[in-house]
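*Asks:* What would the 3D arrangement of this be:
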Amino acid sequence: MTERIIVSGASGVIGSELMRRLALEFPRGVELVCVLRSEDSAQRLATLLGLAITSRVRVVRCDLTDADGAAAAAAELPRVSHCLAVHAAADVSWHKSLQEIRPINVDGSVAFARLVRATAETARLIYISSAYTSREEWTYRNSYEQTKAEADRLLRRDFPDLHPSTFSCSLVVGDSVTGAIGAFHGLYPLMRVLSDARMPFLVARPDVLIDIVPLDWTVGALVGLVRQALRGVHVDDVVAAAGPSRLPFRTLVAEIRQSLDVLRRAEGRGPLPEIPIISFRRWEFLRRSFKVWNVKGLDVRALRLFERILESYRPYLEDDRIRPAEGLSGPAPDPRSYLPRVVEYWRTLDRDAPRRVSPAPPGLVAHVATVAVGPCAGRIRSPDSPVHASCQRWPPATPTADAPARDVVSAAEAPLPLSPGAAGTRPSANEIRQ
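*Replies:* Reported below is the predicted structural model:
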């Protein structure tokens, strides 16, 4: 019988929902353990889950990029006969260099596997990766994809005794019923661009497909893999991707705009203006031209933010390679069936969601229309200091009325770029949790 389930990155979007499901499904005879980097991460998870669930959870504070700290955490955690481990901690930034991202994504994965091996007689490991990468026969678009695949290969090569399985998911959005999610990353910056209406166009390849999956369906598939692992059934790979339910970017944008317009009408406001979609070739020409032509009324701050988002998303707006869905009990739901609730949840809870829009200046719209003659093709698609490893019980300090804990991080506060797959909470300087 499994005596312990241990999860890294448990304060993230997927990790926190997984912990909630595990606490509800498994009896108290199974110890639930979270590996978290800091007290802030523990507090964030307590805020997301509430005391009834977090009272069951044992927290191991450990920086997985610190080999000595991981070893100390393993020494303090009592050894059990059998353990199931889920590794969800990762830096999911698309823009970082290999040197920046490798310590947590690769070295941290190895450190977690060693911790699991050292604290159980027998164990099984589920490694959470991205459907946008593969450990073999893949051309990597960024360091994120490369390091996730490298860690996958290392875990299989060096820890065969842990019987590693890989759970890969695509771009995760809110719950399909409520729209709820723990952090506004991934697709949510696009919602902000559309809701702000400050940019006169979007940029992407015309026929690119976007793969999104709802949080509850994704974690449901992960829990299914957990159940199989607990029964001793080995499943090599599960890929939680939308597959045939992927939407063309043009359709995705239209669905988000329609949902935003419904909310605007309820506020007594008019619909959002139409935003053309141009190709990256036209975008490069326009970007070089803005200063030369001295375009009046251009929101420089909005433009810079837009450029940062594009820099992050461009590989996925030009190249929609993704692994096909695999190992699932059923297909992903059609995004059109749940996007209205996802948009409404974001717009209701995001403190920075605009309630009054300053649209792009007419002169700039006319300028873009003049330059981009013809059909508009394409689509846009607290730093933590290291802590000594220690085990502690929850709950941590409870938020007060004077200092309430924030349960949602706005997309404006989230560091760009943001990434697909393994969607995360607001990261610290050294770690982003999936």
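
*Asks:* so where is the protein shaky, pLDDT-wise?
*Replies:* Residue ranges of the chain with pLDDT under 70: 1, 291, 294-298, 351-434.

*Asks:* how long is stretch 75-85 from one end to the other?
*Replies:* Across stretch 75-85, the terminal residues are separated by 17 Å (CA to CA, to the nearest Å).

*Asks:* Residues contacting it, please?
*Replies:* 1-8, 31, 33, 60, 112-113, 115-116, 118-126, 162, 226, 229-230, 389-391 (CB atoms under 8 Å, 6 or more residues apart in numbering). Yep, even glycine has a C-beta here, placed from its N, CA and C like the rest.

*Asks:* List phi and psi for Leu48.
*Replies:* phi -70, psi -40 (degrees, to the nearest 10).

*Asks:* How about it: what's its closest non-neighbour residue?
*Replies:* Ser16 (4.6 Å; CB to CB, 6 or more residues apart in numbering).

*Asks:* Is the one you found in contact with Ala46, as I believe?
*Replies:* No - counting by CB atoms under 8 Å, Ser16 does not reach Ala46; the two are 10.0 Å apart.

*Asks:* Those two: which has the busier surroundings?
*Replies:* Ser16 (29 against 24; other CB atoms under 10 Å).

*Asks:* looking at this, the more buried one is in a helix?
*Replies:* Yes - Ser16 forms part of a helix when assessed by DSSP: H, G, I helix; E, B strand; the rest coil.

*Asks:* tell me the contacts of Leu187?
*Replies:* With CB under 8 Å, 6+ apart, Leu187 has these contacts: Leu171, Val173, Ile212.

*Asks:* ok, of these, which one's closest to Ile104?
*Replies:* Leu171 (20.4 Å; CB to CB).

*Asks:* Can you list phi and psi of that closest one for me?
*Replies:* phi -80, psi 120.

*Asks:* Same check on Met19?
*Replies:* The phi/psi pair for Met19 (degrees, to the nearest 10) is phi -60, psi -40.

*Asks:* Going by distance to Ser245, which of the contacts of Leu187 wins?
*Replies:* Ile212 (8.7 Å).

*Asks:* so what secondary structure elements neighbour the strand of greatest length in the chain?
*Replies:* Using DSSP state E to define each element, the chain has its longest strand at strand 120-130. In terms of contacts (3 or more CB pairs under 8 Å, 6 or more residues apart in numbering; DSSP states H and E), strand 120-130 is packed against strand 80-87, helix 108-118, helix 143-158, strand 165-169, helix 215-230.

*Asks:* how much distance is there from the second one to the middle of the chain?
*Replies:* When distances are taken as CA atoms, centre = their mean, to the nearest Å, helix 108-118 is centred 23 Å away from the chain's centroid.

*Asks:* Tell me which residues touch the closest residue to Leu215 other than its chain neighbours, please.
*Replies:* Leaving out its chain neighbours, the residue that sits closest to Leu215 by CB to CB, 6+ apart is Asp175, at 5.1 Å. Asp175 sits next to Ile181, Pro214, Leu215, Asp216, Tyr338, Arg341, Tyr345 when contact means CB under 8 Å, 6+ apart.

*Asks:* Format the residues you listed as a markdown table; extra columns: neighbour count and distance to Glu76.
*Replies:* Converted to a markdown table, the contacts of Asp175 look like this (neighbours: other CB atoms under 10 Å; distance: CB to CB, whole Å):
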| residue | neighbour count | distance to Glu76 |
| --- | --- | --- |
| Ile181 | 26 | 33 |
| Pro214 | 26 | 37 |
| Leu215 | 25 | 32 |
| Asp216 | 19 | 34 |
| Tyr338 | 23 | 42 |
| Arg341 | 19 | 43 |
| Tyr345 | 19 | 39 |
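
*Asks:* which residues in the stretch 151-300 of the chain form strands?
*Replies:* With strands called from DSSP state E, counting those that start in this stretch, the stretch 151-300 of the chain shows them at 165-169, 171-173, 202-203, 209-210, 212-214, 237-240, 247-248, 277-278.

*Asks:* Export these to TSV and append columns for distance to Thr133.
*Replies:* Output for these, formatted as TSV (distance: least, CB to CB, whole Å):
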stretch	distance to Thr133
strand 165-169	8
strand 171-173	13
strand 202-203	24
strand 209-210	17
strand 212-214	16
strand 237-240	11
strand 247-248	21
strand 277-278	27
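
*Asks:* among those strands, which is nearest Asp40?
*Replies:* Short answer: strand 171-173, nearest of the strands of the stretch 151-300 of the chain by CB to CB, at 22.1 Å.

*Asks:* That closest one: partners in the sheet, and parallel or antiparallel?
*Replies:* strand 212-214 (parallel) (DSSP bridges).

*Asks:* report the angle between the axes of the longest strand of the chain and helix 143-158?
*Replies:* Interaxial angle, strand 120-130 versus helix 143-158 (axes from the mean of the first three to the mean of the last three CA atoms, to 10 degrees): 150 degrees.

*Asks:* got the angle between strand 120-130 and helix 215-230?
*Replies:* Using the same axes, to 10 degrees: strand 120-130 against helix 215-230 is 150 degrees.
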